[in-house]
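Visitor: Sequence isn't available, so here's the structure alone:
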C-alpha cells in the first residue's frame, strides 16, 4: 500500500460539527493556541506533553479531591510521574455521564442467553451503589482485587465500577477461558473476591462452566468469597450482593496512578504478563480518545464487539464518561437480530479481525442508515476494505492499523484538517502509561496490597 493512499476525506464543516473542533476552539479561547490543522495539533501534543495533557484535564473538567502539583513531574522513563499529588476516582467520572438525564438509556445489553436489558443513567448509578455496598459487606476495600469470570453483560460492568469506587482493583476473564488460562492470570494478582457466571449460550449451544469455576476456586487460595451470577441457570447469590441498602454511593479518592484494573498479555511466551492500569491514566486517555478521536458524546451509542478478556471491553466501558451510551453484546457475532432490535449504535466498532468484520457486514449494511462511523481493531484491514461504502447515514469510517493507539493524535480520526486520512503507523508513545504487575507491587508497601 502506498504511503499516500487516500482513504477518507472529511466534510468541509467538520470543525463545526466535531468534538475535536470544539476542543480547538477551547484551546484558542483558553490557551491562546491556534492550529491550522490536525498535523499542527498533533505536533504540539507530542512536543509539549504537559501543555497537551494539562489541556485534556481542564477541557474535560476532571474532578480531583486534591489538585496535582504538576502535569508531568519527570519525563524520564521508566519512572515518569504524571499529575503527582492528584487524587480522584475513575468510577466517579464514568458515573457523571455528562449530558444525560436520569432516565436516558446508558447501557443497552443484548445476549443469546437471556432477554435484552436496558439501564438508564439512574439505574446504573443505583446498581453500582448496591453492589458497592455488597462488596463492602464482603470486606472489600482499597487495594483488594476483585475478579470476574463473566461475559460482556451489565453485571460485569456494574461490578467493575463498584470495585473502582472502593479503590479495589478489578480483573476479568471471559467465561470461554479454560481453567488454566484463568489461573495463570489470577494467581499472580491474588484476588480476594470472585464473581462468576454458571455458564452461557453461544448460538444454540448451552455451555456450563460450574466445573471450571470450582476448579478456579480450588486453585486460588487468596479467595475469601465467591459470588455466583445466575446466567445460564437460576441459582446464584448475585441478588444478595446487589440487594437493597441504605448505604450511599460514594467514591474513594485515590492517587492518579492507583491501580484500577489489570489486563494481560496473550501468554504466548510464558505466563500472561499482568499490566496494571491506573485510575488517572486510563481516565484522561479514554476521554481524550473517545471524544476527540471517536467523536463520541451525548446522543451517541457506542458498540464494540468484544469479550471481557480483551482490552477493548475496558475501552468500551469508558463510553459514559463522555456522555455516550454503550451497547453490550454476549454471544455469536453473527447474531441476526441486533440491527433490527434498535441496538445498532451511531458509532459501532467491528470484531477483532478484518475477516470477522466481513462476516458481519450484511447486518452492518442493514443498519447503515443509522451508523455514523465504523472502526476495526485487532488486525490491519486491506485498503479495499477500508474505503467507505455509500451510506446516507455514515459520515466517516476509519481503519486504524492497531487496536488502540496511545498517542495523543492517533490515526483513528483526523477531522481537524481538510487533508485526507492515509495509512499510518504509531511511532511514539507519549501519554500516562500502565505498569507491569511486578513493578506495581514493588512500588507499594505490603500493607496496601
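Guide: Noted; the coordinates are in hand. Predicted model only: the values in this text are computed from it and were never measured.
Visitor: quick one: low-confidence parts of the stretch 251-400 of the chain?
Guide: Under the criterion of pLDDT under 70, the regions of the stretch 251-400 of the chain flagged as low confidence span 335-370, 378-400.
Visitor: what about the residue nearest to residue 273 when sequence neighbours are not counted, neighbour count?
Guide: Nearest residue to residue 273, sequence neighbours excluded (C-beta to C-beta, 6 or more residues apart in numbering): residue 265, at 4.1 Å. C-beta: built from backbone N, CA, C; applies to glycine. Number of residues near residue 265 (other C-beta atoms under 10 Å) recorded here: 14.
Visitor: which residues in the stretch 51-200 of the chain form helices?
Guide: 90-94, 121-137, 154-165, 179-186 (DSSP state H, counting those that start in this stretch).
Visitor: For the last one, name the packing helices and strands.
Guide: Spelled out, that is helix 179-186. Contacts defined by 3 or more C-beta pairs under 8 Å, 6 or more residues apart in numbering; DSSP states H and E place helix 179-186 against strand 169-173, helix 210-219.
Visitor: Mean pLDDT, distance to residue 190 and mean neighbour count added to the ones you listed, as a markdown table?
Guide: As requested, the helices and strands packed on helix 179-186 are exported to a markdown table (pLDDT from 0 to 100; distance: least, C-beta to C-beta, whole Å; neighbours: other C-beta atoms under 10 Å):
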| stretch | mean pLDDT | distance to residue 190 | mean neighbour count |
| --- | --- | --- | --- |
| strand 169-173 | 98 | 10 | 25 |
| helix 210-219 | 98 | 12 | 16 |
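Visitor: just so I know, which of those lies nearest residue 305?
Guide: Distance to residue 305, taken as C-beta to C-beta, is lowest for strand 169-173 among the helices and strands packed on helix 179-186, at 16.2 Å.
Visitor: can you state the direction angle for the closest one and helix 154-165?
Guide: 160 degrees (axes from the mean of the first three to the mean of the last three C-alpha atoms, to 10 degrees).
Visitor: and residue 295, which of the helices and strands packed on helix 179-186 is closest to it?
Guide: The nearest among the helices and strands packed on helix 179-186, by C-beta to C-beta, is strand 169-173 at 27.4 Å.
Visitor: who does that closest one touch, helix- and strand-wise?
Guide: strand 145-149, helix 154-165, helix 179-186, strand 259-264.
Visitor: angle of that strand against strand 145-149?
Guide: 20 degrees.
Visitor: For strand 169-173, give me every contacting residue.
Guide: 143-150, 156, 159-160, 163-164, 181-182, 185-186, 189, 191, 259-263, 276, 308-309, 313 (C-beta atoms under 8 Å, 6 or more residues apart in numbering).
Visitor: what about 7 Å?
Guide: Residues outside strand 169-173 that contact it (C-beta atoms under 7 Å, 6 or more residues apart in numbering) are 145-150, 156, 160, 163-164, 182, 185-186, 189, 191, 259-262, 308-309.
Visitor: circling back to that earlier point, could you dump the helices and strands packed on strand 169-173 to a markdown table with mean neighbour count?
Guide: Formatted as a markdown table, those follow (neighbours: other C-beta atoms under 10 Å):
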| stretch | mean neighbour count |
| --- | --- |
| strand 145-149 | 26 |
| helix 154-165 | 26 |
| helix 179-186 | 20 |
| strand 259-264 | 24 |
